[in-house]
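>>> let's see this in three dimensions:
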Amino acid sequence: MTDAQRKTARSTTLGRRAFVAVTGALVGSAAIGGVARGARIGLGTQQQDGLAAHWDFGEGQGTSTTDQVSGQANPIAYVFTNAVYKPSSDPLWEPQDADAGKLSAALLFDGYSTYVTREAQLELGTEALTVEAWVAPRGFEWGDAGKESAIVNKQERTANLGFSLGVGRHGRWFFGVGAGNAWYQATVEQSAVLMPGAWAHVAGTFDPAGGAVRLYLNGEEVAAAPVPPEARFAPAGVPLLIGRHNLPEIINGVFAVNMFAGLIDEVKISGQALTASDAAAAHQADLDTFAGGTIPVPDLTMERSRYDGDRYRPGYHFTAPNHWMNEPHAPIEVGGRYHLFYQHNIHGPYWHNISWGHAVSEDLVHWRDLPIALRPTAGSVAPDGVWSGDAVLDPDGNPALLFTAGNDAQTPNQAVGLARPADPDDPDLIEWEMHPTLVTQQTRDLDVGAGRQVRFGDFRDPFDWKEGDTYFQLVGSGVRTTDGASVGGTVLMYTSQDLENWTYAGPLMTGDVAAYPRTGQVWELPVFLPIGEDSEGRQRNALLINPAFPEGPAEYASRYVYYWVGTWDAQTLTWTPDTDEPRLLDYGDHFTGPSGLVDSSERSLVFTIAQDRRTEQAHFDAGWAHNAGLPVELTMRPDGDLGVRPVVEAEQLHDGEPLVEITESLGVAQANERLSGVSGDMLHVRMTMARGTTDRFGIDVLRSPGAEEYTRLFYDNGSGEFGVDRTLTGNNSGLGGQLGVHSGPLSLDGDRLVLDVFLDRSMVEAYANGHKSITTRAYSNRDDALGLRIFGDGATVESLRVWRMGEMTS
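Reported below is the predicted structural model:
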C-alpha cells in the first residue's frame with residue numbers, strides 16, 4: 001500500500017439529502033432537474049483527469065506539503081515552527097496507519113495558526129469546478145461576520161471572484177463560486193451537517209452546464225442550488241489557502257478566526273464537474289482502502305506534549321490540554337472520582353466560542369483529560385455558548401449539570417440549562433444530553449427590594465446544592481434603583497424539588513457598589529459553602545463572589561474574589577452575614593472565578609482560575625491561556641473568619657524526598673547556607689519562621705544569583721500585613737510594567753508565620769497560617785532566576801522543607 005493510501009480517520013454517518021437557501025428561496029437538490037451536460041470527473045483514485053491540484057498529505061511530517069499535480073512544495077504555517085517560549089517543533093500530523101487507507105498521515109489544523117498556502121495560480125478553466133476534501137472537525141467556530149471556517153478557499157468574495165469550500169456554525173457546510181457578476185452557493189441544512197470528531201468526505205461542484213452548484217457528503221448528493229447555464233467561474237488573484245479564510249476576521253487585534261480546527265486530508269481541485277454516480281463510485285473506492293471498508297476513527301486528542309519545554313506553562317496546576325481556558329467549574333465527586341469542567345475554546349488561546357472541557361481525577365491533583373462534555377448545539381437551549389455552571393446529584397442520585405445557556409436569539413441571552421449523563425453508569429461520564437427546555441430564566445419583574453429593579457440581561461453562573469429534599473440555586477446578577485443607578489451585585493436564589501422546576505425566592509444578598517466599589521455592579525460565579533457551626537449550633541457558611549464591572553472601571557475586572565461569612569438557615573431561607581464589609585480571600589490579583597463542592601469527606605473545596613495576565617500576542621505565541629489554581633479547602637477559624645489552605649492531596653505531587661530539610665531553629669544566614677544548593681521552578685516550600693527582632697521577613701523565590709530578579713513574599717509586622725513584592729519580578733510577556741506590591745491583613749500565630757509556597761513555572765501561590773493566600777505570576781526574563789533565599793535578619797527559621805514537584809498528568 002502506498003503512502004498516499006495510508007491516511008487515518010473516524011466513523012461518520014452517510015450523507016443525507018437537504019434543502020438549501022439560495023437568495024431567499026428554498027431549492028431542493030432534486031429540483032435541479034435533468035442530467036448535467038458539462039464535463040464530469042470522479043472524486044476518487046480511479047479518475048484523475050482534469051485535476052489542477054491534489055494534496056494527499058502523505059508526508060506525515062514536516063513543514064510543507066506537496067501538490068501532487070504541480071510537484072510544488074507548499075509551506076505549512078504553524079505557531080511553533082519558530083516558537084517563542086519553547087523549543088521549535090513541526091506542525092502536528094496523524095501518524096501513519098495502514099488500516100486507515102487513504103486517510104493515513106493527515107495534517108492536524110490547530111484552529112488558529114495552522115494553514116497551507118499555495119501562491120502559484122491554478123490552471124483552471126471557467127466552465128466547471130470541483131473542490132473536495134476529507135475532513136474531521138474538532139468543533140465549529142462562531143462564524144464571525146457571517147464568514148465560514150475555510151477548508152479550502154481562493155476567494156475575493158466582495159468582487160464575486162474565486163471559490164470557497166467551508167463550514168459554518170454547528171457544522172453547516174457549503175461551497176460557493178464567484179462568476180464575476182454573482183456568487184453562487186449551496187449550503188446544507190441541519191440534516192447533512194458535519195459532526196465533530198468524525199471523518200467525512202465533502203465535495204462541491206460548480207456545473208453551469210448542469211444548472212447547479214451541488215454538494216456531496218460521503219458520496220451522496222445532499223444539496224444543490226441553481227446556476228444559469230451562461231455563468232462562468234471567475235478566478236481570484238489571491239493565494240489558495242487550506243484551513244484559513246482569505247479574509248478572516250481578527251479577534252483581539254491578533255487572532256485570525258474563520259479557520260478550520262481538525263484534520264484535513266486528500267484535498268483535490270478539478271476544472272471539471274461531478275456526477276452523482278461518479279461521486280458514489282469514488283467514495284466506494286475510498287472505502288475500499290479502509291480496513292473492513294469502514295471509515296476510520298480520527299485521533300483528535302489535544303496533545304499536551306506540543307507544549308513540552310514551555311518555560312511558563314504550569315506543570316502541576318490544572319491546565320486545559322490546549323488553547324484557552326477560563327474558570328474551572330461544576331466540580332463534583334461521583335463514585336470516588338472528582339470530575340472538573342471548565343470554560344474552553346478548542347479553536348485557540350482566546351475567549352470566543354466556549355464549550356465545557358472535562359477532566360477526571362481520583363486525588364484532586366492528577367488529572368486525566370476527557371472529551372468535550374457540552375458544546376453550543378443547534379436546536380438546543382444553548383446554540384451560542386455553554387458558559388459557567390455547577391453540578392449536583394439529582395433525586396435519583398445521578399449527576400446533573402446546571403449551566404449558563406447562551407442564546408443570542410432571546411433576551412436576555414443568558415438562562416440556566418440542565419444536562420444529564422447519557423450513561424450514568426459510565427465512570428468517566430463522557431457523554432451528556434441537554435434537557436430540551438431551560439430550567440431557570442430571568443424576568444424583568446423579579447422582586448429585589450423596594451425602589452429597586454433587577455439588572456435585566458445579567459443572569460449567569462448557577463451554583464446549586466441540596467439540603468433535605470430541597471435544591472437551592474444561586475444565580476449571579478445585579479440590582480439597580482428604579483431610576484437606573486447601580487446598587488450593586490446580587491445573587492438571586494431559587495428553590496426546586498426536581499432540578500427542572502424552580503421557584504424564585506428573592507436575593508440571598510445584594511452588594512453596595514458605592515461603599516465598596518471593587519465589588520462591582522454585577523456578581524458572577526457565586527459559591528455558597530458550609531464551613532462549620534458556631535457555639536450556638538448555627539450553620540456557618542461562606543459566600544464567595546467574583547465582581548464584574550459592566551459599567552467600569554476595567555482596572556478592577558478579573559482580579560479579586562470577595563467573601564462574607566455568616567449564618568444560614570435553610571428553613572427560613574435566611575442568610576445573615578457577620579458584616580456588610582467584604583473581605584479578600586487572596587491578596588494577589590490573579591485569583592478569580594471560584595467554584596466549589598462539598599466532597600464525601602465533608603470538606604468544602606474551592607477551585608479557581610489563576611489569570612495569567614499576558615498580552616494577546618503572548619497568548620498567540622504560547623498557544624495556551626490561563627490555568628487553575630490549586631484546589632483549596634475552606635475552614636472556619638477560631639475567631640469565626642474564613643480560613644483557606646491547599647488540599648492535603650497536593651503532597652502527592654512531591655517528587656522524591658525533600659531537597660532540603662531543616663528541623664532545628666536556625667538563623668537566616670544559616671538557613672540560606674542550607675538553601676544555597678536548591679533551585680527550581682516547580683517546588684513546594686513549607687516554612688515556619690519566628691519574627692524575632694525584625695519587622696519584615698519572608699522568602700524570595702525565582703531569584704537570580706545576583707538578585708537582579710526575584711519575587712518577594714513577606715510579612716510586615718508594622719502594618720500587620722502579608723504580601724508580595726513584585727518590583728523585581730520577571731514580566732516577560734506579561735501585561736503592564738511595574739508590578740508593585742500587593743498585601744492585606746494577617747494575624748500571626750504568636751509571632752510565627754507558617755508558609756506553604758508552591759512554585760510552578762510562572763505560577764507563585766503562597767498560603768499563610770491557614771488563613772490567607774496570595775496567587776501571583778512571574779514570567780522570568782532570566783534562565784537563572786530559579787533560586788530561593790530567606791530574608792529578615794533577626795528572625796528565626798524554625799523549620800523548612802523543600803520538595804520538587806511532579807506533573808499533574810500521571
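>>> give me the buried positions along stretch 405-416.
Residues 405-407, 412-416 are the ones in stretch 405-416 that count as buried (16 or more other C-beta atoms under 10 Å). To be clear about C-beta, it is placed using only N, CA and C from the backbone, and glycine gets the same treatment.
>>> hang on, I meant stretch 578-587
582-587.
>>> confidence-wise, which of the buried residues of stretch 405-416 comes last?
Note: of those, the lowest pLDDT belongs to Pro412, at 93.
>>> so what's that residue up against?
Residues counted as contacts of Pro412 (C-beta atoms under 8 Å, 6 or more residues apart in numbering) are 442, 456-459.
>>> any of those residues buried? List them.
By 16+ other C-beta under 10 Å, the contacts of Pro412 give 442, 456, 458-459 as buried.
>>> in a helix, Phe140, correct?
No. Per DSSP: H, G, I helix; E, B strand; the rest coil, Phe140 lies outside any helix segment and is coil.
>>> list the contacts for it?
149, 167-171, 194, 196, 353.
>>> quick one: distance of stretch 801-810 to the chain centre.
Centre-to-centre, stretch 801-810 and its host chain are 25 Å apart (C-alpha atoms, centre = their mean, to the nearest Å).
>>> can I get the CA coordinates of that stretch in PDB?
Listed next in PDB are the C-alpha coordinates belonging to stretch 801-810 (Å, rounded to 0.1, in the frame of the first residue of the first chain):
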ATOM      1  CA  ARG A 801      11.300  21.600  53.800                       C
ATOM      2  CA  VAL A 802      11.600  21.900  50.000                       C
ATOM      3  CA  TRP A 803      10.300  19.300  47.600                       C
ATOM      4  CA  ARG A 804      10.500  19.100  43.900                       C
ATOM      5  CA  MET A 805       7.000  18.700  42.300                       C
ATOM      6  CA  GLY A 806       5.800  16.200  39.700                       C
ATOM      7  CA  GLU A 807       3.300  16.800  36.800                       C
ATOM      8  CA  MET A 808      -0.500  16.900  37.100                       C
ATOM      9  CA  THR A 809      -0.800  14.200  34.400                       C
ATOM     10  CA  SER A 810       0.200  10.800  35.600                       C
END
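>>> pLDDT of it, averaged?
Stretch 801-810 comes out at a mean pLDDT of 93.
>>> and that stretch, what's buried?
801-806, 808.
>>> ok, now stretch 731-751?
By neighbour count on 16+ other C-beta under 10 Å, the buried set for stretch 731-751 is 731-734, 739, 742-744, 746, 748.
>>> what's the first-to-last distance across it?
Distance between the two ends of stretch 731-751: 33 Å, counting by C-alpha to C-alpha, to the nearest Å.
>>> now do Ser780: how many residues are near it, please.
Neighbours of Ser780 under the rule other C-beta atoms under 10 Å: 23.
>>> state the number of residues packed around the closest residue to it other than its chain neighbours.
Spatially, and ignoring its direct neighbours in sequence, Ser780 is nearest to Gly730 (3.7 Å; C-beta to C-beta, 6 or more residues apart in numbering). By other C-beta under 10 Å, the residues close to Gly730 number 23.
>>> check contacts around Gly730.
Gly730 makes contacts with 702, 709, 778-782, 785, as judged by C-beta under 8 Å, 6+ apart.
>>> same thing but at 6 Å, please
Going by C-beta atoms under 6 Å, 6 or more residues apart in numbering, Gly730 touches 709, 778-781, 785.
>>> then Ala73?
Taking C-beta under 6 Å, 6+ apart as the test, what Ala73 contacts is 64, 66.
>>> name whatever forms a beta bridge with it.
Beta-bridge partners recorded for Ala73 (DSSP bridges): Thr66.
>>> separation between it and His323?
29 Å (C-beta to C-beta, to the nearest Å).
>>> again, but for His742
Distance, His742 to His323, using C-beta to C-beta: 29 Å.
>>> list the buried residues of stretch 237-253.
Those buried within stretch 237-253 under the rule 16+ other C-beta under 10 Å are 238-246, 248-249, 251.
>>> re earlier: just the ones in strands from the buried ones among the contacts of Pro412, please.
Counting by DSSP state E, none of the members of the buried ones among the contacts of Pro412 fall within strands.
>>> between the residues you listed, which is nearest Thr663?
Asp458 (53.4 Å; C-beta to C-beta).
>>> surely the closest one touches Ser477?
Yes. Counting by C-beta atoms under 6 Å, Asp458 does reach Ser477; the two are 5.1 Å apart.
>>> spatially nearest residue to the residue nearest the centre of the chain (excluding sequence neighbours)?
For the chain, the residue nearest the mean C-alpha position is His344 (1.6 Å; C-alpha atoms, centre = their mean). Leaving aside its chain neighbours, His344 sits nearest to Gly357 (3.6 Å; criterion: C-beta to C-beta, 6+ apart).
>>> okay, the nearest residue to Leu418 once chain neighbours are set aside: pLDDT?
If the residues on either side of it in the chain are set aside, Leu418 comes closest to His435, at 4.0 Å by C-beta to C-beta, 6+ apart. His435 carries a pLDDT value of 98.
>>> give me the distance between His435 and Glu94.
Distance, His435 to Glu94, using C-beta to C-beta: 36 Å.
>>> what's the helix or strand where Ile151 lies packed up against?
Under the criterion of DSSP states H and E, Ile151 resides in strand 149-156. Here strand 149-156 touches strand 129-137, strand 161-167, strand 240-242, going by 3 or more C-beta pairs under 6 Å, 6 or more residues apart in numbering; DSSP states H and E.
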